[in-house]
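1. Below are the sequence and a predicted model; questions follow.
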Amino acid sequence: MDIIIISCGKFELHRNLTQNAVNTCINSRGDFRILVIETCQDVKYQNCETFYFPTANKFNYNKALNYGMSLCKDKYVALCNNDIIFHKEWSQNIIHVLDNYADSACPFDVGYHVNYKEALKYKLTQGNHIFINNQVRVFFVGWCFAIKREVWNKIGGFNEGVEFYFSDDIVIEQYKKHGIKHALVCNSLVDHWHGGEKTWRDVLCKSKQRYYTGGQEGKFRQAKEKLWRSQ
């Protein structure tokens, strides 16, 4: 499996998060090629390949993912933030689901899925079960998901009509349009540190702000309308 990690190593905290993501991925037991897509020039990481991705004035998350995908060769690709901690054998369980049940899959986020109120409605727990569902921020979380490479080709790459917020929302719209089946894999475990936040109360309060970020929801609506109008 190829692993794409999107990183901005401007500060030591974020460089440490990225290196920790690389290290925990390597230690999780799997056959990986790890590619870090780094927005800061001259920043390098150990035990992986680092590729500089210039952003000019604005960072576009899905554009960074697309750049990473253009460098990948494996049948399976995981697309991740730099603040992920990977648990043992997370990738084997994801690949099993991609082989047998779905085209795209997310691991179970140990902190998030037992704290976020929308996820709590479904009483999600760790275990040997999967959910075929593409509801964003519950079953699909954009900070760590894996796909068959053919999915990226089928949807025409990840939509770049949004910048950072709503990147996962627009990908799900692409999934819906092209009939991509997505799963949450509850025995594939990761932790998402949300940029180094220490408490989930802070994280969940900040997550509400995404819908009030100036102009971002409008950009998502425009991108969604354009997507569904296109052939």
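-> In hand now; what should we look at?
2. What is the lengthiest strand in the chain packed up against?
-> Looking across the chain with DSSP state E, the single longest strand is strand 182-192. If you count contacts as 3 or more CB pairs under 8 Å, 6 or more residues apart in numbering; DSSP states H and E, strand 182-192 packs onto strand 84-86, helix 90-100, strand 104-109, strand 130-132. For every residue, glycine as well, the C-beta is placed using N, CA and C.
3. who does it pair up with?
-> Strands adjacent to strand 182-192 in the sheet, as given by DSSP bridges, are strand 84-86 (antiparallel), strand 104-109 (parallel), strand 130-132 (antiparallel).
4. before we move on, back to that, which stretch among the helices and strands packed on strand 182-192 is buried most, on average?
-> Burial of those is given as mean neighbour count (mean count of other CB atoms under 10 Å); strand 104-109 ranks first at a mean of 26.
5. now that strand against helix 90-100, angle please.
-> Angle between the axes of strand 104-109 and helix 90-100 is 150 degrees (criterion: axes from the mean of the first three to the mean of the last three CA atoms, to 10 degrees).
6. And strand 104-109, how far out from the chain middle?
-> Computed by CA atoms, centre = their mean, to the nearest Å, the chain-centroid distance of strand 104-109 equals 9 Å.
7. Residues contacting the next helix-or-strand element following that strand, please?
-> Next helix or strand after strand 104-109 toward the C-terminus (DSSP states H and E): helix 117-120. Residues outside helix 117-120 that contact it (CB atoms under 8 Å, 6 or more residues apart in numbering) are Tyr112, His113, Val114, Arg137, Val138, Leu204.
8. How about helix 117-120, which residues are buried there?
-> Ala119 (16 or more other CB atoms under 10 Å).
9. now swap in stretch 59-73 and tell me
-> Asn60, Tyr61, Asn62, Lys63, Ala64, Leu65, Asn66, Tyr67, Gly68, Met69, Cys72.
10. what about Val110, neighbour count?
-> Neighbourhood size, Val110 [other CB atoms under 10 Å]: 15.
11. Next up, the contacts around it.
-> His87, Gln126, Leu189, Val190, Asp191 are the contacts of Val110 under CB under 8 Å, 6+ apart.
12. and which of those residues is nearest to Ala223?
-> Of all the contacts of Val110, Ala223 sits closest to Val190, with 27.4 Å by CB to CB.
13. Against Leu120, how distant is the closest one?
-> Between Val190 and Leu120 the distance, using CB to CB, to the nearest Å, works out to 19 Å.
14. so which of the contacts of Val110 is the most crowded?
-> Ranked by neighbour count (other CB under 10 Å), the contacts of Val110 have Val190 at the top, with 26 neighbours.
15. which residues touch it?
-> Ile84, Ile85, Phe86, His87, Trp90, Pro107, Phe108, Asp109, Val110, Cys144.
16. ok, now with 10 Å
-> By CB atoms under 10 Å, 6 or more residues apart in numbering, Val190 lies in contact with 21, 24-25, 28, 78, 80, 84-87, 90, 94, 106-112, 141, 143-144.
17. Please apply the same query to Met69.
-> Counting by CB under 10 Å, 6+ apart, Met69 has contacts Asp2, Ile4, Leu35, Ile37, Val77, Leu79, Ile147, Arg149, Trp152, Asn153, Gly157, Phe158.
18. what sits against the third one?
-> Right, Leu35. Applying CB under 10 Å, 6+ apart, we find Leu35 in contact with 2-6, 48-51, 67-69, 71-72, 77.
19. Quick check: beta-bridge partners of it?
-> Where Leu35 sits in a bridge, its partners, by DSSP bridges, are Ile4, Glu49.
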